[in-house]
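> Return a 3D structure for these sequence lines:
(one chain, ligands or ions: 3)
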Amino acid sequence: MQRLIPVLNSDHVPLHLISVINTLLTAAKEISHRLHQGSLAGTLGSTLDENIQGETQKKLDIVSNQLIKTMLLETNLVHAVASEEEDDVVMGNPDARYLVAFDPLDGSSNIDINSSVGTIFSILEKPKHPAEGKELFLQTGDEQVAAGYILYGPSTMLVLTTGQGVRAYTLDHRVGEFLLTVDKLTIPEETQEFAINMSNQRFWAKPMQAYIQDLLAGTEGKRQKNFNMRWNAAMVSDVHRVLSRSGIFAYPADCRDENKPCKLRLLYEANPMSFIVEQAGGKASTGYERIMSLQPTEIHQRVSVIMGSRQEVNTCLSYYKSIECERLDG
Ligand SMILES: O=P(O)(O)OC[C@H]1O[C@](O)(COP(=O)(O)O)[C@@H](O)[C@@H]1O
Ligand SMILES: [Mg+2]
Ligand SMILES: [Mg+2]
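Numbering: from 1, shown residues only. Ligands and ions are numbered 1, 2, ... in the order given. Down below sits the predicted model:
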C-alpha cells in the first residue's frame, strides 16, 4: 500500500503544500491518540468557555485547535490560520504562501458518547491583491488548493483532494502512517438515502419541507421508491457515508433563530466538504447557488448546505426552483 507523500509527489503537488498537509496529519495523529484514550487522557467534557459563536467548547475542541494551530505556525510555511475556535485570524510567517482554515473537531457533541468526530481543513494561497487579517480568507471555495478531513472513527481516515480527484487513506497505527486505501473516490449519482436533522423539520423553508415529504412517502409517493435516513450529527461522518455509498446530506437554513438561520460554517465546513464532494463527482449547493462560488464576507460566516449524489441534489434543487418562498438565509 502506498504512503501519502509519494502519492502527492506523483501528483506533482508543490513541496511546501505537501509539508503543510503533512503537518496537519501529524496533529491529527495526536488528536486520534487522545480520542482513543478517552477518559484515560482526561480530556473529555466541556470547558467553562464559549467560542466566538456562543457555542460551548469541549476540552478536546481547545486541545485540537491548539495542536493544529501551533504545529502549522511552527512550520514557517503558513502565512495565517483561521479556525472555528479562534475569534480572529492568527498570523504566521509574513513571507509564507499558504493560508489554512480549519474546524479542529467537527461533531464535538459526539466526543463524550464515544462516537465519530473529525477534523476538516481548507488550504488557500495568499491572495495576489494586498490583503490583511480576515480579508486574506475572504476567497471563494474555488480558490482552494487542497481540502480534506480526518475522520476519527473505528479507524482513522484521511480523505483528501488537491483538485485531482479524491483519495482516501487509512492510518496504520503500527507504523504511524496514512496508507492509500481508495485511489479514486466517486459518489454514485443516484441514491436512496438522506441525512438531515429531522427534528428541525417544522422550521425549514417550504422547498425542503416538500422535498423531504416526498422522500418519506416512499413507494406510494411521487418518487416511487423508499428512502433510508441516517444522522450521525457530525458532518464529517455523515458526508463520509455519502462519499462511501451515495446519499444526500443537508443542513438547510431554518427559522429557529432569526439571527442564526444557518448552522454550518462556510470556510471551515461547507467549502472544504464541497470541494471534496465536487471532486468526487457530486454536487454542493445552498439551495439557490453553488457553495464554492459564494464570496465570503466574514470568516465565521454560516451557510445553508445541500450536498451529495449529483442527481439527488438536482432533484432537491428543483423544489427550490419551483416553489416560491422567502429565503430564510437572507
Ligand atoms: O446538533 P445537530 O443539529 O444534530 O447538528 C449537527 C451538526 O453540527 C455540527 O456538529 C457542527 O460542528 P461542530 O461540532 O464543529 O460545531 C456538524 O458537524 C453537524 O452536521
Ligand atoms: Mg463542525
Ligand atoms: Mg468544531
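
> Kindly report the residues of the stretch 201-330 of the chain close to ligand 1.
Within the stretch 201-330 of the chain, the positions lying close to ligand 1 (Cβ under 6 Å from any ligand atom) are A233, A234, M235, Y251, K263. (C-beta placed from N, C-alpha, C; glycine too.)

> bridging residues for the residue in the stretch 101-250 of the chain that ligand 2 sits nearest to?
The nearest approach of the stretch 101-250 of the chain to ligand 2 comes at D106, 3.4 Å away (Cβ to the ion). Beta-bridge partners of D106, counted by DSSP bridges, are G118.

> Hmm, M235 and it touching each other?
Yes. When contacts are counted by Cβ atoms under 8 Å, D106 is listed as touching M235 (5.5 Å).

> Which one of these two is surrounded by more residues?
Each of D106 and M235 has its neighbours counted (other Cβ atoms under 10 Å); D106 has more, 30 against 25.

> give me every residue that touches that one.
V117, G118, T119, I120, Y149, A234, M235, V236, E269 (Cβ atoms under 8 Å, 6 or more residues apart in numbering).

> quick one: pLDDT of the third one?
The predicted local confidence for T119 comes out at a pLDDT of 98.

> okay but it is in contact with Y149, surely?
Yes. Counting by Cβ under 8 Å, T119 touches Y149, with 6.4 Å between them.

> Give me the common contacts of these two.
D106, V236.

> any shared contact partners between D106 and M235?
Common neighbours of D106 and M235 (Cβ under 8 Å, 6+ apart) are G118, I120, E269.

> Can you list the helices and strands that the strand or helix carrying I150 packs against?
Using DSSP states H and E, I150 maps to strand 146-152. Applying 3 or more Cβ pairs under 8 Å, 6 or more residues apart in numbering; DSSP states H and E, we find strand 146-152 packed against helix 15-37, strand 117-125, strand 156-161, helix 235-245, helix 271-279.

> quick check: domain ranges of the chain?
According to automatic domain parsing, the chain comprises the domains 4-182, 193-322.

> Out of the ones you listed, flag the one nearest G330.
Taking Cβ to Cβ, domain 193-322 is the member of those nearest to G330, at 7.2 Å.

> what about the closest one, near ligand 3?
No. Domain 193-322 does not reach ligand 3 (Cβ under 5 Å from the ion); its nearest approach is 7.4 Å.

> pLDDT of that domain, averaged?
Rounded mean pLDDT across domain 193-322 is 98.

> can you give me the end-to-end distance of that domain?
23 Å (Cα to Cα, to the nearest Å).

> now swap in stretch 141-149 and tell me
15 Å.

> quick one on the thing from earlier: distance to C316 added to the contacts of D106, as JSON lines?
Putting the contacts of D106 into JSON lines (distance: Cβ to Cβ, whole Å) gives the following:
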{"residue": "V117", "distance to C316": "27"}
{"residue": "G118", "distance to C316": "24"}
{"residue": "T119", "distance to C316": "28"}
{"residue": "I120", "distance to C316": "23"}
{"residue": "Y149", "distance to C316": "23"}
{"residue": "A234", "distance to C316": "21"}
{"residue": "M235", "distance to C316": "17"}
{"residue": "V236", "distance to C316": "21"}
{"residue": "E269", "distance to C316": "19"}
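
> Tell me the one of the residues you listed nearest T297?
The closest of these, once distances to T297 are taken by Cβ to Cβ, is E269, at 16.6 Å.

> correct me, but the closest one touches G118?
No. With contact defined as Cβ under 8 Å, E269 does not reach G118; the gap is 10.1 Å.

> what is in contact with these two at once?
Contact with both E269 and G118 is made by residues D106, M235, according to Cβ under 8 Å, 6+ apart.

> if I pick the closest residue to N226 other than its chain neighbours, what's in contact with it?
Once flanking residues are discounted, N226 sits nearest to G218: 4.1 Å by Cβ to Cβ, 6 or more residues apart in numbering. Contact analysis of G218 by Cβ under 8 Å, 6+ apart lists K225, N226, F227.

> Now do S244: how many residues are near it, please.
For S244, the count of nearby residues is 15 (other Cβ under 10 Å).
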